[in-house]
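Peer 1: I need the structure of the sequence given here:
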Amino acid sequence: MKEEKKITPKDIEEARVRLGVFLGMQPRVWLPGLVAFVAAILLLALATVPGIRKNGTWYTLTSTPSGSAVLVDGAYLGATPGNFFLPRGLRALTVSRPGFSPETRKIEVKGRIFATLLFPRKASLVVRLQATDPRTFLHSSFSAFSGYSLSGAPSAIYQLPLVLSDSLLALAETGSMSSLPRTDAADFVRAAFAASGSAQSARDALRASFIAAAGGPPSPLGLVAGIETLAAAFQERPQVATLIAAFAPSDAKAAVGSSAALKALGARAAAITAPGSGLPRSPLGSSRVGQQSFRRIPASGIVASGESPGTSALPYAAAVPAFALAETETTRAQWAAFLAANPDWKPENRDTLVAKGAVDAAYLADWSDSFLSSSLPVTGVSKTAAEAYCAWLSRFAPQGFAVVLPSEAMWETVCKAGAPDWKKAILLAPGRTGPSPVGFAGVDRFGFADLAGNVWEWCDDSFFPFPAFAPASGEWRGTEFSVRGASWANSADSVSPASRGGFPASFSSPFLGFRPALVVR
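Peer 2: Residues are numbered from 1 along each chain as shown. Next comes the predicted model:
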C-alpha cells in the first residue's frame, strides 16, 4: 500500500486559493457585486422584517388620574403613564381605575413596514377619567389603607403602597377634591393617624394630610395649609407626643424624646380627665327587650385606656351618652330564637353567607339542636351576623330605641364602673375546653356578667391601633372591628380590662361572641 503524503508547513505556506471566472466575469468584477448584493439583502431585511413582525404604532399614553389600567382588546398592557405598542387595525382601548368611570375608545391603528427599527411610528393619547362617586371612593381608599396598615411592618420584599395619599392625588387630578372639604380635613387626618400601624403607614397618612389641606400636590402655601390642618387635628390631642415618639426614625428617637415641646405634650396627656361627671355610680334600672335583659347606664365621661401596639397605653377622654347594655353575653338559646325567625342565618346556609361575605367558614361551626335551650354564650358568630341579630331584636325595643353593638367607650365604661373581679373570670385553666354558661362566675357590682373573660365581645368601632385619635363621627371605617373582654382561652397574665383586638366583620371564632346595647335612635 502506498503511503499517504504528509502535509507540511511548507505546503500550507505555498497553498493558494484562486477564484475562477463566473458568467464570463473575472473575480475582481463579480466578487464586489456579490458582496454588495448580500449587503443590500441584509439592509432590506433589517429595514422591513421588524415592521412586518410588529406592524403598528407606539402610543405614549397619559391619563387623569395617572396609574390607570390600560387594556387593548381586553388584554392588560400596564398602567399610565407609559408607552404601549398597538398592532395595526381597529382596536378597543380601555383606560380604567377603581372609583372612576372607565373610558373605551375605538382606534384605527395605522402601521408602517419600512425602517421601523430606527423610526418607529409614534402617536400620543391623553385620557381624562371622571370620579363616579368621589366620597365613596375616598372611603374605600381609607379602608384599603387601614387594611394595609394592619398587615404589619413592611420588609425588603413587601412594601406598603401609598394608597391613601395616591387616592387623594387622583381626586385632585380630576378636580374632585371638593369631596373632602377643608372643614372635614382635620377629622380625616385624625382617622388616618389612628389607623396607622407602622411608621410606613404613618408616612402615607402624613402625605395624605398635606394633600388634603392643599387640595393637591403641596405648594409653598399648601405646606402652610397642611401644618395648619395638622395643628387643628391634634390641638386637643396631646397624645400626639407618644405617636411622634413611636414613629420617629431609630436614630432620632433620643432627640425626639428629649424635646421640651413633646415633654410638655406628654405632661398634658398624663393629666387627661373624664369629661362631665366621670364614671356612673350605679345603673338606673333594668329593661327587657325580647329574651334579653339590659341595665340602663346614665350619660357619663370616661378616660379610655386606648391600649396601642408598642406602647403601654394611650388614654383618651370620651363622653358617653345614656345607653343600656345587656346583662350577659347573648346565649345560644337566644340565638336559636333569632335563627327560627331568620332561617337565612341558619348554619345550613353557611356557604351562601360566605359567598356574600357575611361570615367565614367557621360560622356556627359547632352548632347543634342541643343548644336550643343552652345558656352558654353563642360563639362562631361574625360581626355582620351579630348586627343582623341586633336589627331583629330592635323590632321588640321600645319606640325610639334601637339595639346595636356597643362602642368601645360604652363597653369600657361599664367594665370600669362595674369593676368585675378578673381573678374570678372565666379564663384559661386546667381542664377548661370552652366557655361556661353566662353568669357562672357571678356578676359585678353593676349586675353585669362576664365582661371579664368567657368570650371576647364584638364592638361597633373600627379597630384602630391608636384609638385616641379616632374622630367621634366614626365616618372613616377600617377593615377590622374591635373586640373586648378576653376569652376562656386567654391566660390571666395576658389580658386586662384594656385588652383589645381587631378582626374583619366576617370573622367567626369559638372564642368570640357579643352582647348588644340599647340606644336612642
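
Peer 1: list the contacts of the residue positioned nearest the centre of the chain.
Peer 2: The centroid of the chain falls nearest to residue 147 when counting by Cα atoms, centre = their mean (2.2 Å). Shown in contact with residue 147 (Cβ atoms under 8 Å, 6 or more residues apart in numbering): 478, 479, 480. C-beta here means a position set from N, CA and C on the backbone, and glycine is covered the same way.

Peer 1: which stretch of helix or strand covers the closest residue to residue 327 other than its chain neighbours?
Peer 2: Leaving out its chain neighbours, the residue that sits closest to residue 327 by Cβ to Cβ, 6 or more residues apart in numbering is residue 293, at 4.8 Å. Taking DSSP states H and E as the definition, one finds residue 293 inside strand 292-297.

Peer 1: average pLDDT across that strand?
Peer 2: Average pLDDT, strand 292-297: 97.

Peer 1: which residues sit against that strand?
Peer 2: For strand 292-297, the external contacting residues (Cβ under 8 Å, 6+ apart) are 280, 283-288, 320, 322-328, 330, 334, 393, 410, 413-414, 417, 446-448, 516-518.

Peer 1: check which element follows the helix or strand of the chain with the lowest mean pLDDT along the chain.
Peer 2: When the helices and strands of the chain are scored by mean pLDDT, DSSP states H and E, helix 253-257 comes last with a mean of 69. Using DSSP H and E, the helix or strand that follows helix 253-257 in sequence is helix 260-270.

Peer 1: list the buried ones in that following helix?
Peer 2: By neighbour count with 16 or more other Cβ atoms under 10 Å, helix 260-270 contains the buried residues 262, 265, 266, 269.

Peer 1: repeat for stretch 347-357
Peer 2: Buried, per 16+ other Cβ under 10 Å, within stretch 347-357: 349, 350, 353, 354.

Peer 1: which ones among the contacts of strand 292-297 lie within strands?
Peer 2: 285, 286, 287, 288, 320, 323, 324, 325, 326, 517, 518 (DSSP state E).

Peer 1: for the nearest residue to the last one once chain neighbours are set aside, what are its contacts?
Peer 2: Right, residue 518. In this structure, residue 518 finds its nearest non-sequential neighbour in residue 324, 3.9 Å apart by Cβ to Cβ, 6+ apart. Contact analysis of residue 324 by Cβ under 8 Å, 6+ apart lists 287, 294, 295, 296, 297, 517, 518, 519.

Peer 1: just flag the most distant two among the residues you listed.
Peer 2: Pairwise distances across the contacts of residue 324 (Cβ to Cβ) peak at 13.6 Å, for the pair 295 and 519.

Peer 1: looking at the two, which is more packed in?
Peer 2: More neighbours surround residue 295 than the other of residue 295 and residue 519, with 22 against 19 (other Cβ atoms under 10 Å).

Peer 1: chain neighbours aside, what residue packs nearest to the more buried one?
Peer 2: Distances taken as Cβ to Cβ, 6+ apart place residue 283 nearest to residue 295, at 4.3 Å, with adjacent residues excluded.

Peer 1: quick check: the gap between that neighbour and residue 9.
Peer 2: Here the criterion is Cβ to Cβ, to the nearest Å. By it, residue 283 lies 117 Å from residue 9.
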